[in-house]
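Asks: A predicted structure for the sequence below; I have some questions about it.
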Amino acid sequence: MMLGSDVSNLSTTAANAAAKGLSIVVPMYNEAAGLAALHQRLCELAKALRHRYAIRCEIVYVDDGSKDGTLAIARALPADALDVQVVSLSRNFGKEAALMAGLDHARLGAVLFMDGDGQHPPALVEQLVSHWIDGGYDVVYTAKAHRDNESFLRRLAVHGFYALINWGARQKIPEDAGDFRLLSPRAVAALRQLPERNRFFKGLASWIGFRQIRVDYEPAPRAHGVTTFNFMRLLGLSIEGLTSFSVAPLRFASLLGVLLASAAFLFGLSIIWEVWTTGKQVPGYPSLVVGLMTIGGVQLIMIGIVGEYIGKILSELKARPIYFVAEHSEKRFEADRDESAGERTAAE
């Protein structure tokens, strides 16, 4: 029985990249104010890619339960230079589920993920496509060039998160890497075969391997609205990523237990030594209370960590769908329809 997967037949060369095409997946949540402007920029990008590489493009907008007019605006967007799909989820399932929905509905070979808030510059996409087609890279991911505009505590928290998730991992997740990335057809095929429901795309895209390259960039300022990723949502996403992709928290809990047990053993030896050498009994109430509170707190932390993993196991065993699609529509670019009709006529 073959326990692996052979995707070597999907290797990308400059000759067949154009035939495979590029799907651009854009998850959206309350992005009505800037969606039309973003779509216009993506249409210009599609024209440039068609001119430079003769490559077909489509865009897959995934509305993740927006509460404003995002879906209505997306329905009215024209198929100018690229095909347009609009996938509306039945509720807000979260960004990871929206990314998976876009991946499932992408029809062309390579897939590019980018946010709908305009901070991922479409102008950079040509460079990512160049690394894929001309450079032969399978995963082209972007990362913030620096975090100078962020607070010290936030930079420290980000560094600590990546240090913890990469602790003991065979395949490291690049620090500061974002969801703005391009996957070649065989990288897409590999990612689609991963069966877990608790998905962490940054980790999975690194785990599949293949040739990968980093591109540093400066995120553009938000043209509208404010980010919905507050401290609590970022904390939740960090916990989700850690428990879905890494066993580092369990290792940390085990190491902490060993350290506390060692400290308790050494403390016990010091008490025995003092009684033996001086004959004085050590007052026990303060040290007993402190010891009990410390051990009790650590036990609760460990139970919480184990509980997170048990919750993930329960979620996988339930095997519920990651998302539900409430509405799906598409528009075909006129030139693509003419080409498809011509191919059918030639075949007949």
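Replies: Thanks, I have the structure now. Residues are numbered from 1 along each chain as shown.

Asks: CA atoms for contacts and neighbours, from now on please.
Replies: OK.

Asks: pLDDT weak spots in the stretch 51-200 of the chain?
Replies: Applying pLDDT under 70 to the stretch 51-200 of the chain flags residues 146-151, 154, 164-170.

Asks: which residues in it form helices?
Replies: Along the stretch 51-200 of the chain, the stretches classed as helices by DSSP state H, counting those that start in this stretch are 70-75, 95-105, 125-133, 152-165, 185-192.

Asks: dump the fourth one to PDB, keeping only the CA atoms.
Replies: This means helix 152-165. The C-alpha coordinates for helix 152-165 follow below in PDB (Å, rounded to 0.1, in the frame of the first residue of the first chain):
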ATOM      1  CA  PHE A 152       7.900  46.100  21.400                       C
ATOM      2  CA  LEU A 153       5.400  43.700  23.200                       C
ATOM      3  CA  ARG A 154       3.800  42.700  19.800                       C
ATOM      4  CA  ARG A 155       7.200  42.100  18.200                       C
ATOM      5  CA  LEU A 156       8.200  40.000  21.300                       C
ATOM      6  CA  ALA A 157       4.900  38.000  21.200                       C
ATOM      7  CA  VAL A 158       5.300  37.300  17.400                       C
ATOM      8  CA  HIS A 159       8.900  36.100  17.900                       C
ATOM      9  CA  GLY A 160       7.900  34.000  20.900                       C
ATOM     10  CA  PHE A 161       5.000  32.400  18.900                       C
ATOM     11  CA  TYR A 162       7.300  31.300  16.000                       C
ATOM     12  CA  ALA A 163      10.000  30.200  18.400                       C
ATOM     13  CA  LEU A 164       7.500  28.000  20.200                       C
ATOM     14  CA  ILE A 165       5.800  26.500  17.100                       C
END
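
Asks: ok now it, how far from the chain's centre?
Replies: 17 Å (C-alpha atoms, centre = their mean, to the nearest Å).

Asks: can you check the third one too?
Replies: The gap between where helix 125-133 is centred and where its chain is centred comes out at 20 Å by C-alpha atoms, centre = their mean.

Asks: ok, the second one next?
Replies: The gap between where helix 95-105 is centred and where its chain is centred comes out at 10 Å by C-alpha atoms, centre = their mean.

Asks: quick one, phi/psi of residue 330?
Replies: With angles defined as degrees, to the nearest 10, residue 330 sits at phi -150, psi 150.

Asks: show me what contacts the closest residue to it other than its chain neighbours?
Replies: The spatially closest residue to residue 330, leaving aside those adjacent along the chain, is residue 85, at 4.2 Å (C-alpha to C-alpha, 6 or more residues apart in numbering). Contacts here follow C-alpha atoms under 8 Å, 6 or more residues apart in numbering; on that basis residue 85 touches 58-61, 328-331.

Asks: what is the most widely separated pair among those?
Replies: Maximum pairwise distance in the contacts of residue 85, criterion C-alpha to C-alpha, is 14.6 Å, between 58 and 328.

Asks: between these two, which has more neighbouring residues?
Replies: For residue 58 versus residue 328, the count of surrounding residues by other C-alpha atoms under 10 Å is larger for residue 58: 26 against 14.

Asks: I figured the more buried one hits residue 39, correct?
Replies: No. Under the criterion of C-alpha atoms under 8 Å, residue 58 is not in contact with residue 39, lying 11.4 Å apart.

Asks: about what we covered before: go through the helices of the stretch 51-200 of the chain and name the closest to residue 21.
Replies: Using C-alpha to C-alpha, the helices of the stretch 51-200 of the chain put helix 185-192 closest to residue 21, at 9.2 Å.

Asks: any idea how far that closest one is from the middle of the chain?
Replies: The answer for helix 185-192 is 15 Å, by C-alpha atoms, centre = their mean.

Asks: buried set for that helix?
Replies: 185-191 (16 or more other C-alpha atoms under 10 Å).

Asks: tell me the first helix or strand C-terminal of it.
Replies: Later in the chain than helix 185-192, the nearest helix or strand by DSSP states H and E is helix 201-207.

Asks: straight-line length of stretch 111-128, end to end?
Replies: End-to-end distance of stretch 111-128 (C-alpha to C-alpha, to the nearest Å): 11 Å.

Asks: same for the longest helix seen in the chain, what does it pack against?
Replies: Ranked by residue count under DSSP state H, the longest helix found in the chain is helix 285-318. The contact analysis (3 or more C-alpha pairs under 8 Å, 6 or more residues apart in numbering; DSSP states H and E) places helix 285-318 against helix 231-245, helix 248-278.

Asks: may I see the domains of the chain written out as residue ranges?
Replies: 12-229+322-347, 248-318 (automatic domain parsing).

Asks: could you identify which of those domains is most buried?
Replies: Greatest average neighbour count among those goes to domain 12-229+322-347 (a mean of 18), per mean count of other C-alpha atoms under 10 Å.

Asks: quick one on the thing from earlier: nearest to residue 305, of the helices of the stretch 51-200 of the chain?
Replies: Of all the helices of the stretch 51-200 of the chain, helix 152-165 sits nearest to residue 305, with 13.9 Å by C-alpha to C-alpha.

Asks: I appreciate the help and will end here.
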